[in-house]
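In: pasted the sequence and its predicted model underneath.
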Amino acid sequence: MKRCAMLGLALLAQTAMAADVKVENVWMRATVPGQQVAGAYMDITSPENARLVGVQSPAAGSMEIHLMRMHHGVMEMREIKVLPLPKGKTVKLAPGGFHLMLFDLKQSFKTGETVPIKLTIETANKKRETVEVTAQVRDLNGQMMH
């Protein structure tokens, strides 16, 4: 019984810690039929130094953290394994910079729909926590339909 109570407290502590990471403005662009990839964007603020180390969604076969940037006059996009989340600073995932890529989409997504995404955050003491968010699907210009 004591072991179960301890486990319950440990789970509550993890949930509270994960809830401290603030994730806002979660969205992705609408897709066209047959499109196999999409980008997802959001603002992440952690109350302590942490790192985004994993992403997944049931809407995609796989997901990756990506960086898009101009490098020697050429647009470059590449996977990064870890995205630092400095204490108290908002890290913006946006078109043309850091973003999440969804591969092997299981369906097309229309404006107004939602897509669940799980973020794996690793804290400075190496504890991993999952934060579940919902991306709002916007039109191809990134606008919400009213």
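Out: Done, it's in. Numbers count the residues shown, from 1 in each chain.
In: so what touches stretch 58-74?
Out: 38-39, 52, 55-57, 75-83, 95-107, 109, 115-117 (C-beta atoms under 8 Å, 6 or more residues apart in numbering). For every residue, glycine as well, the C-beta is placed using N, CA and C.
In: average pLDDT for that stretch?
Out: Average pLDDT, stretch 58-74: 88.
In: residue numbering should commence at 50 henceforth.
Out: That works, and once the first residue is 50, the last one we named lands at stretch 107-123.
In: this structure: helices as residue ranges?
Out: Along the chain, the segments classed as helices by DSSP state H run 51-69.
In: the closest residue to M126 other than its chain neighbours: neighbour count?
Out: For M126, ignoring the flanking residues on the chain, the nearest one in space by C-beta to C-beta, 6 or more residues apart in numbering is M117 at 4.5 Å. Residues within reach of M117, counting by other C-beta atoms under 10 Å, total 16.
In: swap in K141?
Out: Counted with other C-beta under 10 Å, K141 comes out at 15.
In: what pLDDT does the model give A54?
Out: We have a pLDDT of 44 for A54.
In: check D153 too.
Out: Looking at D153, its pLDDT is 97.
In: and it, how far is that from V72?
Out: 24 Å (C-beta to C-beta, to the nearest Å).
In: what segments of this structure are strands?
Out: 71-78, 86-94, 99-105, 109-120, 123-129, 132-134, 139-142, 147-154, 163-172, 177-187 (DSSP state E).
In: for burial, what's the neighbour tally of S95?
Out: 24.
In: with A109 instead?
Out: A109: 23 neighbours (other C-beta under 10 Å).
In: excluding its backbone neighbours, what's nearest R177?
Out: Nearest residue to R177 in three dimensions, chain neighbours excluded: E171, at 5.1 Å (C-beta to C-beta, 6+ apart).
In: got the CA positions of stretch 159-176 in PDB?
Out: Extracted in PDB, the C-alpha atoms of stretch 159-176 (Å, rounded to 0.1, in the frame of the first residue of the first chain):
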ATOM      1  CA  LYS A 159      -8.700  21.000 -43.500                       C
ATOM      2  CA  THR A 160      -8.800  24.400 -41.900                       C
ATOM      3  CA  GLY A 161     -10.600  24.200 -38.500                       C
ATOM      4  CA  GLU A 162      -9.600  20.700 -37.700                       C
ATOM      5  CA  THR A 163      -7.200  19.800 -34.900                       C
ATOM      6  CA  VAL A 164      -4.200  17.500 -34.700                       C
ATOM      7  CA  PRO A 165      -2.900  16.000 -31.400                       C
ATOM      8  CA  ILE A 166       0.900  16.300 -30.800                       C
ATOM      9  CA  LYS A 167       3.000  14.900 -27.900                       C
ATOM     10  CA  LEU A 168       6.200  16.700 -26.900                       C
ATOM     11  CA  THR A 169       8.900  15.000 -24.900                       C
ATOM     12  CA  ILE A 170      10.600  17.500 -22.600                       C
ATOM     13  CA  GLU A 171      13.800  16.600 -20.800                       C
ATOM     14  CA  THR A 172      14.600  18.700 -17.700                       C
ATOM     15  CA  ALA A 173      18.100  19.600 -16.600                       C
ATOM     16  CA  ASN A 174      18.100  16.600 -14.200                       C
ATOM     17  CA  LYS A 175      17.400  14.300 -17.100                       C
ATOM     18  CA  LYS A 176      13.800  13.600 -16.200                       C
END
